[in-house]
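J.: Everything below, folded, please.
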Amino acid sequence: MSLLFGGLAALRRVLFRWRILQRVVLPVPVVVVGNVAVGGSGKTPVTLWLADVLRQRGYHPGILSRGYGGQVEGVAEVPPDGDPIRYGDEPVLMAARSGCPVFVGRDRPAAGQALLAAHPSVNVLLADDGLQHYRLARNLEIVVVDEATLGNRLLLPAGPLREGLARLGKGSFIFAHGALSAPVRAAAHGVPIFEFDLRGDLFERIGTRQERCSAEVFKGRRVHALAGIGRPERFFAQLEAMGLMIERRPFPDHHAFCEADLYIPDGDVLLMTEKDAVKCAAFAPADTWVWPVRAHFAPEAAELIVEKLDGPPTA
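T.: This next block holds a predicted model:
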């Protein structure tokens, strides 16, 4: 099955390369952010970082997303206070955090056309999780890699890969969430690699988000840590590195939470990720706190991206 999957994926890439299948070229530069493996590698924080970088350089970015887990048929704009059940958790988080217009749709070119029609000031589009959506022509490809998600290095369904590691060598940049081993670096074939990490400072009380505190406030209390993300163990390890003793509550990525999932005894504390908070704010216990994180890169990563934005779309 993996061989069949790989063969069909390769055939599709060739058909686009030979222009038997046609790409849609939008009138503004397109930067695709994606990965070669399923699971959480940090694509959404990278997209938010990139939107902030481009805005600081005078661009007006817009964001495209598939809207995984949502219920939108066709194309829709995501309001900052949108319902994650309708639009998906990551698009709602990006709409709330980025200050950019965010559109969702399985048809990425149609979503891009709708976004540009509704927001004519937008002059660059960021396609979140769009690496394998070859119908959308792109000017830059950013491949986000967390080596822990590469597993046995086999293609679906025998392994976690959407495309083989050789795909790393065809991107514009590789953003590595943590260090990469020598074999993975070799697969990049000279593509620039920039390491990043996700950092958070203060916790924010869910609901208001204006009340903030440090991890010191929770020490000595019974703390429950909840995460329905691609790699919940990373979140748990970060909390433990702060000196917190936690009860781990992992859930599948994009889990549809209910009130029972968030139960804590009186006097206990519940900590969660920002992605989970967009789905839980309406029914979370009062003593629930969110830990927002941001992607941090070396400054030269931003400079190289801005320099290359005016290049021709890749084939």
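J.: Helices along the chain, start to end?
T.: 2-17, 43-56, 84-87, 89-98, 108-118, 182-187, 232-241, 274-280, 299-308 (DSSP state H).
J.: Dump the ones you listed to TSV, plus mean neighbour count and distance to Leu125.
T.: For every residue, glycine as well, the C-beta is placed using N, CA and C. Formatted as TSV, the helices of the chain follow (neighbours: other CB atoms under 10 Å; distance: least, CB to CB, whole Å):
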stretch	mean neighbour count	distance to Leu125
helix 2-17	13	19
helix 43-56	22	10
helix 84-87	20	18
helix 89-98	25	13
helix 108-118	20	5
helix 182-187	14	28
helix 232-241	17	29
helix 274-280	24	22
helix 299-308	14	14
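J.: Show me the one of those helices that comes nearest Asp201.
T.: Evaluated over these, closeness to Asp201 peaks at helix 232-241, with 11.9 Å, by CB to CB.
J.: Distance from the chain centre to the closest one, please.
T.: Its chain's C-alpha centre and that of helix 232-241 lie 18 Å apart, by CA atoms, centre = their mean, to the nearest Å.
J.: And for that helix, what's in contact with it?
T.: 40, 200, 215, 223, 225, 227, 229, 246, 248, 250-251, 271, 273, 291 (CB atoms under 8 Å, 6 or more residues apart in numbering).
J.: among the helices of the chain, which is nearest Gly159?
T.: helix 2-17 (6.9 Å).
J.: got the contact list for the nearest residue to Ser181 once chain neighbours are set aside?
T.: For Ser181, ignoring the flanking residues on the chain, the nearest one in space by CB to CB, 6 or more residues apart in numbering is Glu147 at 6.3 Å. Contact analysis of Glu147 by CB under 8 Å, 6+ apart lists Ala176, Gly178, Ala179, Leu180, Ser181, Val184.
J.: Kindly provide the distance from the first one to Asp52.
T.: Noted for Ala176: a distance of 20 Å to Asp52, by CB to CB, to the nearest Å.
J.: With adjacent residues omitted, what lies nearest to His133?
T.: Arg108 (4.8 Å).
J.: ok, that neighbour to Val75 distance?
T.: From Arg108 to Val75 the distance is 10 Å (CB to CB).
J.: And for the residue nearest to Val38 when sequence neighbours are not counted, the neighbour number?
T.: Once flanking residues are discounted, Val38 sits nearest to Pro160: 5.1 Å by CB to CB, 6+ apart. If you count neighbours by other CB atoms under 10 Å, Pro160 ends up with 17.
J.: now do the one 10 residues further on
T.: Burial of Lys170, expressed as a neighbour count using other CB under 10 Å, amounts to 15.
J.: Tell me how many other residues crowd Ala215.
T.: Ala215 - counted by other CB under 10 Å - has 20 other residues nearby.
J.: any idea how far Ala227 is from the residue nearest to it when sequence neighbours are not counted?
T.: Closest residue to Ala215 apart from its sequence neighbours, by CB to CB, 6+ apart: Met242 at 4.0 Å. Distance, Met242 to Ala227, by CB to CB: 15 Å.
J.: Nice, that's everything, thank you.
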